[in-house]
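Novice: build me a model:
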Amino acid sequence: MSDNAKKMGFGSIYLLGINGIIGSGIFLLPNQIYKTAGNQGYLVIFVAALATLLITLCYADMASRTTGDGAAWLYSYNAFGRFPGFEVGLFSWIQGIITISAEVAALLNIMMTLVPAIKNPSVYKITGIVIIICLAGICLLGSGVTSISDNLSSAIKIVILVGFIGLAVWQISKGTAHFATDAIKFQPSSAFNTAFYMYSGFSFLPIAAANMQNPEKNLPKALVSVIVTVGIIYSLVQFAVTRLLGPAIANAKSPLATAFSQVFGQTGFIVIIIGMGISILGVAFSVTFSTPYIAYSLASKHKLLPSFWVRTISAKFLG
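Specialist: Residues are numbered from 1 along each chain as shown. Below you'll find the model as predicted:
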């Protein structure tokens, strides 16, 4: 895309990064973190954010030196040559495809809570295919529609999580939420691994660098800003849900939904389930947007994949 005005600005880049990281993890994993870190789970999440930030700074530095599409594979290509770059690119592309499939499957499992008919294998498969087609269709409509959709889903998930934190503050102020003494054996390695997993989506953000305004300046700022924002939100959510549920969090399959339902009943449960669905869909959308750029870059810019990738839907997809 040659018209810089049509490319993503800093705000859209930032929200794309938010969308790529905040998924099902923060809704489903607080119980696992509690089982291995107890009441100190929020500190483990914060430490994981700092560790991720160190990696992000490396990405930010490389992004400031490279304006092309591809991110990790392109950095490897420039540093080590064609074959190492091709290996990283090929596996990054496959990882993106697998991630899209996994997120759609997770979304379907969430949808089953509200629409039991999806448990039927045929309905499950058809619904999954429809979701994937819709994700691709939105991207095919162009960068304008893509940015609006991404910004909207990012904003919704942030509002829901901030609202949850506000709920905890409200309950704490009423004296109805407090830390309970736990007998959890602190397992730092397991707790850290679980927390670190929740930040993994950041690596997809720089892939579409050529579709961004001033990527050498905006990408580094966006990468760091995203990790800082998500780290703060994740830590506060873990702290909040632990205060609201206490030791009961260990047995809660969906801790945030359980906490919300305790205060607002079935309505609160449905709100969080919808929030989970939007979060998962947002990750799927973010990866759907980014993944084709890898194949397109490999094929068109560096001739590491057959050239038909440039002439088919990839070229149209990338506008």
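
Novice: packing partners of the helix or strand residue 227 falls within?
Specialist: Secondary structure assignment for residue 227, by DSSP states H and E: helix 215-245. The elements that helix 215-245 packs onto, with contact taken as 3 or more C-beta pairs under 8 Å, 6 or more residues apart in numbering; DSSP states H and E, are helix 10-21, helix 25-28, helix 30-37, helix 41-65, helix 143-173, helix 255-296. C-beta here means a position set from N, CA and C on the backbone, and glycine is covered the same way.

Novice: can you add mean pLDDT and distance to residue 77 and give the ones you listed back as JSON lines?
Specialist: Below are the helices and strands packed on helix 215-245 laid out as JSON lines (pLDDT from 0 to 100; distance: least, C-beta to C-beta, whole Å):
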{"stretch": "helix 10-21", "mean pLDDT": "83", "distance to residue 77": "22"}
{"stretch": "helix 25-28", "mean pLDDT": "83", "distance to residue 77": "30"}
{"stretch": "helix 30-37", "mean pLDDT": "90", "distance to residue 77": "37"}
{"stretch": "helix 41-65", "mean pLDDT": "86", "distance to residue 77": "11"}
{"stretch": "helix 143-173", "mean pLDDT": "79", "distance to residue 77": "25"}
{"stretch": "helix 255-296", "mean pLDDT": "81", "distance to residue 77": "12"}
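
Novice: arrange those helices in JSON lines, one row each, with distance to residue 237 and mean neighbour count as further columns.
Specialist: Listed next are these as JSON lines, based on distance: least, C-beta to C-beta, whole Å; neighbours: other C-beta atoms under 10 Å:
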{"stretch": "helix 10-21", "distance to residue 237": "13", "mean neighbour count": "24"}
{"stretch": "helix 25-28", "distance to residue 237": "6", "mean neighbour count": "23"}
{"stretch": "helix 30-37", "distance to residue 237": "7", "mean neighbour count": "24"}
{"stretch": "helix 41-65", "distance to residue 237": "8", "mean neighbour count": "19"}
{"stretch": "helix 143-173", "distance to residue 237": "6", "mean neighbour count": "17"}
{"stretch": "helix 255-296", "distance to residue 237": "7", "mean neighbour count": "22"}
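
Novice: tell me what angle the helix holding residue 227 forms with helix 143-173.
Specialist: Calculated by axes from the mean of the first three to the mean of the last three C-alpha atoms, to 10 degrees, helix 215-245 forms an angle of 30 degrees with helix 143-173.

Novice: quick one, phi/psi of residue 108?
Specialist: Note on residue 108: backbone dihedrals following degrees, to the nearest 10 are phi -60, psi -40.

Novice: show me the shaky parts of the stretch 101-250 of the chain.
Specialist: Residues of the stretch 101-250 of the chain meeting the criterion pLDDT under 70: 142-147, 176-183, 208-210.

Novice: mind running it again at 90?
Specialist: Residue ranges of the stretch 101-250 of the chain with pLDDT under 90: 101-116, 132-189, 197-198, 200-224, 240-250.

Novice: residue 41 contacts residue 32, correct?
Specialist: No. Applying C-beta atoms under 8 Å as the test, residue 41 and residue 32 come out as separate, 9.2 Å apart.
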